[in-house]
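*Asks:* Next comes the sequence, and after it the predicted model I'd like to discuss.
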Amino acid sequence: MSLVRQDGESRVNLLRRFTRRPGRTAAEATALVVAAVVAFPLYWMVLSAFKPAGEIESSEPRPWTLAPTLDSFRRVFGQQDFGRYFLNSVVVAVAVVIASAFIAFLAATAVTRFRFRLRTTLLIMFLVAQMVPVEALTIPLFFVIRDLGQLNTLWSLILPHIAFSLPFAIWMLRGFVKGVPEALEEAAYMDGASRARFLWQILFPLVLPGLVATSVFSFISAWNDFLFAKSFIISDISRSTLPMALLVFYKPDDPDWGGVMAASTVMTIPVLIFFVLVQRRLVSGLGGAVKD
Amino acid sequence: MLGGLLAYPIYQLGLISVFHYTQAQVSGGEPTTFEGFGNYAELFGDGQFWEVLLATVVFAAACVVSTLAVGCALAVLLTRVRAVPRLALMLAALGAWATPAITGSTVWLFLFDADFGPVNRVLGLGDHSWTYGRFSAFFLVLLEVVWCSFPFVMVTVYAGIRAVPAEVLEAAALDGASQWRIWRSVLAPMLRPILVVVTIQSVIWDFKVFTQIYVMTGGGGIAGQNLVLNVYAYQKAFASSQYSLGAAIGVVMLLILLAVTLVYLRLLRRQGEEL
């Protein structure tokens, strides 16, 4: 703020510099308040998960607890097959992330680097595919999966999730592949690199931030889904996933809030860890994808 | 695979929607009969369908507008603060973003619970039930939707603003432009490609809201007062086994969103962007 003391400045400028300071304080205060409001539901979730039963169902809810307990978590983990649901969710999410990242990378390279007939049509189809309401497709998809004989298997979750996360992933990755100069590709071939070598050792590391950003989306959609799990896993509940386990505690008439909150916490933490790990790349990744 | 798992079901969806298809046909007890546009006629003749359609459009529009307003405002705010508040807001937003829709829905429901929720306590509303009234239930779902979808808008727009050269903003500020003026006349035009993307994505997502409504209003609210098209289709198809009616609703949704796609492509074209 040494500028304020500069003599050459016009009075108007001086005034503006002066008023900007309280402006920033207000902005920062607003940012902190908003952050607190946004984080509050998560705080309340974790807090309620640790509260003893009597405190959760009290008519005087307090924003702290003096007697934290693991009771609710015990109920969640003690639920029959809970570990299995967790494992199922992890298997589905990991399979979807890896498969869709792999396919999306190859497909995005193909649609940006090669010109072929129907290329534009294909691109528009990727866009249209994103618009399809997944819930409406559940009905015909149910018949497809039944005809494949895959009802009640994890494949009935993995395959549709890959199919539904691909269009968005390809669409986003396009921007990244586009950003890699073509001269680099030519130089690599000049130096005698094969096509596969260029793809995996040069292009792949360069578009990795983009892959991370798209993986976040496919991970979340696979991890969060309860529609497919509810519709395709109809009788064999040992193939069920976490969201289903959460719903067990939530009965509309008399929900077990402690159990719901503990299960929610357990379900949210892996996603949070995933997000914090990729946070930096995500911000730069999203910027890069949308810029093009 | 894309063809198999996306194109084929869409084709089947259209097919089912023109047949008479209920539980009896699924189990093979009765032959399927061709109905032409009978299902659509039944749908369009049903007063509830129009009511649900109207509710869906209004609700989605409210969600999109609030999400974009909150997201953009906070993105601008992020550029005006120092590192610590920025990190705090960023982390909180990422937390909200990372929260699965189903957990988010249950947590918000608990916050506004009539008996044990802290919100009623703080506002002194006694045991006022938020999910009982039609509008307050929609409002509650709207809050949750905005909460979990503004981070995408905020992070994307923030990344976009950071890519705008600082000199441009400084020049505008030196010319005496107000914050609002800078946003309207400098940032918004430069960010237009990004804004188009986030707007369209928000429209797609909010038009298709399912989990929040399904969980928070118990599958569509009292007497279906909080139904949106997506939940309506699901209820018709799976709860009352009228698969063909559900499929017809799905086709209607698809057509509406297709119209949105075309507007989107128009916008991209007008910007002279090649696909």
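*Replies:* Yep, that arrived. Residues are numbered from 1 along each chain as shown, chains lettered A, B, ... in the order given.

*Asks:* B:Gln212 against B:Val107, yeah?
*Replies:* No: contact status for B:Gln212 versus B:Val107: not in contact, 11.6 Å apart, counting by Cβ atoms under 8 Å. In short, each C-beta sits where N, CA and C put it, glycine included.

*Asks:* okay, the residue sitting nearest the centre point of chain A: pLDDT?
*Replies:* The centre of chain A sits closest to A:Ile220, judged by Cα atoms, centre = their mean, with a distance of 3.4 Å. The per-residue pLDDT reported for A:Ile220 equals 82.

*Asks:* now swap in the one 5 residues further on and tell me
*Replies:* The model reports A:Asp225 with a pLDDT of 79.

*Asks:* Next, count neighbours for it.
*Replies:* 26 (other Cβ atoms under 10 Å in any protein chain shown).

*Asks:* For B:Leu174, give its distance to B:Ala188.
*Replies:* B:Leu174 sits 19 Å away from B:Ala188, taking Cβ to Cβ, to the nearest Å as the criterion.

*Asks:* Regarding the chain, what is its longest helix?
*Replies:* You didn't pick a chain, so chain A it is. What stands out as the longest helix in chain A, according to DSSP state H, is helix A:11-50.

*Asks:* That was the other one, I meant chain B.
*Replies:* Longest helix in chain B, counting residues (DSSP H): helix B:47-80.

*Asks:* does any part of that one sit near chain A?
*Replies:* Yes: for helix B:47-80 and chain A, the contact criterion (Cβ under 8 Å from any Cβ of the partner chain) is met by B:Leu74, B:Leu77, B:Leu78, B:Arg80.

*Asks:* For A:Val34, see how far away A:Ala27 is.
*Replies:* For A:Ala27 relative to A:Val34 (Cβ to Cβ), the value is 10 Å.

*Asks:* so what sits against both of the two?
*Replies:* Counting by Cβ atoms under 8 Å, 6 or more residues apart in numbering or on different chains, the shared contacts of A:Ala27 and A:Val34 are B:Leu77.

*Asks:* Quick check: pLDDT value at A:Ala289.
*Replies:* The model's pLDDT for A:Ala289 equals 51.

*Asks:* next one: A:Pro22
*Replies:* 61.

*Asks:* and if you look at the one 10 residues further on?
*Replies:* Model confidence at A:Leu32, given as pLDDT, is 90.

*Asks:* contact partners of stretch A:105-124?
*Replies:* Outside stretch A:105-124, the residues that reach it (Cβ under 8 Å, 6+ apart) are A:166, A:169-170, A:173-174, A:176-178, A:182, A:185, A:199, A:203-204, A:207, A:211, B:265, B:275.

*Asks:* swap the cut-off to 10 Å and go again
*Replies:* A:100, A:125-126, A:166-167, A:169-180, A:182, A:185, A:198-200, A:203-204, A:207-208, A:210-211, A:214, A:292, B:2, B:261-262, B:265, B:274-275 (Cβ atoms under 10 Å, 6 or more residues apart in numbering or on different chains).

*Asks:* Now, of those, which are buried?
*Replies:* Taking 16 or more other Cβ atoms under 10 Å in any protein chain shown as the criterion, what is buried in the contacts of stretch A:105-124 is A:100, A:125-126, A:166-167, A:169-178, A:180, A:185, A:198-199, A:203, A:207, A:210-211, A:214, B:2, B:261, B:265.

*Asks:* what about the closest residue to A:Ala53 other than its chain neighbours, distance to chain B?
*Replies:* Among residues not flanking A:Ala53 along the chain, A:Gly258 sits closest, at 5.7 Å (Cβ to Cβ, 6 or more residues apart in numbering or on different chains). Using Cβ to the nearest Cβ, to the nearest Å, one gets 10 Å for the distance from A:Gly258 to chain B.

*Asks:* got the contact list for B:Ala92?
*Replies:* Counting by Cβ under 10 Å, 6+ apart, B:Ala92 has contacts A:Ala31, A:Leu32, A:Val34, A:Ala35, A:Ala36, A:Val37, A:Val38, A:Ala39, A:Phe40, A:Leu42, A:Tyr43, B:Pro151.

*Asks:* wait, which of these is closest to A:Val271?
*Replies:* A:Leu42 (11.4 Å; Cβ to Cβ).

*Asks:* Chain A: which of the residues of helix B:47-80 next to chain A is nearest?
*Replies:* Chain A has its nearest neighbour among the residues of helix B:47-80 next to chain A in B:Arg80, at 4.5 Å by Cβ to the nearest Cβ.

*Asks:* was I right about the closest one contacting A:Ala27?
*Replies:* Yes: using Cβ atoms under 10 Å, B:Arg80 is in contact with A:Ala27, at 4.5 Å.
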